[in-house]
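*Asks:* have a look; sequence and predicted model below, questions after that.
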Amino acid sequence: MPSLADAQAGFARALAGDASALADLAVASGGDAATVAERIAIYRANGRANYRNALAATYPVVKRLTGAPFFDAAVDAFVEAHPPVAGDLNVYGESFAGFLAAYPPAATLPYLPDIARLEWAIDEASRAAEAPRMPDAVLAALAQVPANRLPAVRLRLDPSCRLTTSRFPALRIWRANQPDRDGREAIDLDEGGVALVVRRDAQGIAIEATGAGDHAWLVALSRGATLGDALDAVQAVDAAFDLGAALRAHIAAGTIAAVVDR
Amino acid sequence: MPTPSPGLPLAAGVGLRAPHVREVLARRPAVAWLEVHSENYFADGGTALAALDRLRADYPVSLHGVGLSLGSTDPLDREHVAKLKRLAARVEPGLVSEHLCWSGAGGRHFNDLLPLPYTEEALDHVCARVARVQDLLGREIAIENVSAYVAFAGASISEWEFVAAVVRRTGCRLLLDVNNVYVNAVNFGFDADAYIAAMPAAAVAELHLAGFTATGDCLVDTHGAPVAPPVWDLYARTVARLGPRPTLVEWDTDLPAFDVLEAEARTAARILEAHDALAC
């Protein structure tokens, strides 16, 4: 009998399709090598089904856009390329968008990785930490900061806030492929891109399109930039960016959750 | 010493899966208790966790882990254990259970419940891990016997002796899955009643029931069908032998309407009650 570590490594090789690893395994009722191979195939099929189901729960629109056979094959290839390393399947699949971007069969659907990115953002937002929604308190805290200190202030975004962009109308595509829609809406892929803010609110997940300036500013804030540095980052994207309007809008919506320091 | 579990009601419960949460919240069906997969509530926050909080106010809850990889020789995932501990503190479950299996090797996780080789080395290893997990959690856990389709050729201990030895050596509780005993008895040609008879009755904190799917000469533990008649029979004999225990009906693939699970739980409840009537 091999050591426990070798036995588990051998079983893992058998699951990966290595026929020479079947020798240490048995079916006690007297099954031969062919029976062991059949039984290992049951484990392999169970595993494939688990991953297909787990990623279908995270990426329902990608599955709807591609159809189940394409989606299942893509998941199988993804698991080979990015094998799971942890026991919680709820947080597996972050790199699916990047995988799809380089997956040759998906090359005719150039917007697909952006839809996957949006669905991962929704998934992360749905399981992020709770934070109190106190827009009035945030505004009051900001009002107390002396004008000359404002550029040094940092703002914290709501823990559920995720920022994503696409050069395609990703939000229209996503909405047209929700369960209550027939998915037949004609969408012009060249109508222009979107910058999206995804976060959780009292009703569930909120997805809003923002201007490129607002988006660049929120991205800078999410990375811990001071108000001054975030403003500098926006100038390159949107010279007409209105800081006062952005502050009011994103504090009122709950995207900006707190004034961190002064 | 880990804190003992408060335990579950001596009645039939139902495994709660995400598609049923909304209905159960709205209708509050008359099931005695609920069991959830721990990992599905490992999030920092969000709607799923909030729903579990609301359900916990009305139902006893059992936390059932599917991803800890208790018997693996890979390092114990401390972050996983920490999330389970955080969840248990929030939910105050009647029982925390894990599978007597392994799920990963060499850093790769298979997210499946794979059988251990039943050897002295594996017994020493898994006992140390159960003790470590109970230590880290600061509470007692129950371990569950798993279904299997292959075994290791060099095993030196029977599965039932192995399961009983882990319980005896670590002082943990046992979640005895009656369907898994039946499935393995068919797949490996042993006597299911002899297995049940070898279980340490005092340690059995919960029983599981589920449906299997027959594939050729192999029974596959799909949790995708009603509990099979011979499993109901084995369950009745288990209750007669070990005494009545909190019993859970599980269903995972091709999930039916919740009232189908309620009906399965009522069947289990009738068997528990019939035993009580006999005992009086």
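*Replies:* Good, I have the coordinates.
*Asks:* which residues in the stretch 1-150 of chain A form strands?
*Replies:* A:25-26 (DSSP state E, counting those that start in this stretch).
*Asks:* where does it dip in pLDDT?
*Replies:* A:28-31 (pLDDT under 70).
*Asks:* same question for chain B.
*Replies:* Using pLDDT under 70, the flagged stretches of chain B are B:1, B:279-280.
*Asks:* top helix in it by residue count?
*Replies:* Assignment by DSSP state H gives helix B:258-279 as the longest helix of chain B.
*Asks:* so where do the helices sit in the stretch 51-200 of chain B?
*Replies:* B:78-91, B:120-137, B:159-170, B:178-188, B:192-197 (DSSP state H, counting those that start in this stretch).
*Asks:* pick the most deeply packed of those.
*Replies:* helix B:178-188 (a mean of 24; mean count of other CB atoms under 10 Å in any protein chain shown). C-betas here are computed from N, CA, C, even on glycine.
*Asks:* now for the longest helix of chain B, which elements pack on it?
*Replies:* strand B:12-15, helix B:18-27, helix B:229-242, strand B:247-249 (3 or more CB pairs under 8 Å, 6 or more residues apart in numbering or on different chains; DSSP states H and E).
*Asks:* next, the buried residues of it.
*Replies:* For helix B:258-279, the neighbour count (16 or more other CB atoms under 10 Å in any protein chain shown) marks B:258, B:261, B:264, B:265, B:267, B:268, B:269, B:271, B:272 as buried.
*Asks:* the nearest residue in space to the last one that is not next to it in sequence in helix, strand or coil?
*Replies:* Spatially, and ignoring its direct neighbours in sequence, residue B:272 is nearest to residue B:244 (4.7 Å; CB to CB, 6 or more residues apart in numbering or on different chains). With DSSP: H, G, I helix; E, B strand; the rest coil as the basis, the three-state label of residue B:244 is coil.
*Asks:* neighbours around the residue of the stretch 151-280 of chain B found nearest chain A, how many?
*Replies:* Proximity of the stretch 151-280 of chain B to chain A (CB to the nearest CB) peaks at residue B:154, 2.8 Å away. Residue B:154: 14 surrounding residues under other CB atoms under 10 Å in any protein chain shown.
*Asks:* that one against residue B:119, yeah?
*Replies:* Yes. Counting by CB atoms under 8 Å, residue B:154 does reach residue B:119; the two are 7.1 Å apart.
*Asks:* please identify every residue contacting each of these two.
*Replies:* The contact sets of residue B:154 and residue B:119 overlap at residue A:1 (CB atoms under 8 Å, 6 or more residues apart in numbering or on different chains).
*Asks:* show me what contacts residue A:111?
*Replies:* With CB under 8 Å, 6+ apart, residue A:111 has these contacts: A:166, A:168, A:170, A:173, A:189.
*Asks:* contact partners for the nearest residue to the residue of the stretch 151-280 of chain B closest to chain A once chain neighbours are set aside?
*Replies:* Nearest non-adjacent residue to residue B:154, counting by CB to CB, 6+ apart: residue A:1, 2.8 Å away. Applying CB under 8 Å, 6+ apart to residue A:1 gives the contacts A:7, A:24, B:117, B:119, B:152, B:153, B:154, B:155, B:156.
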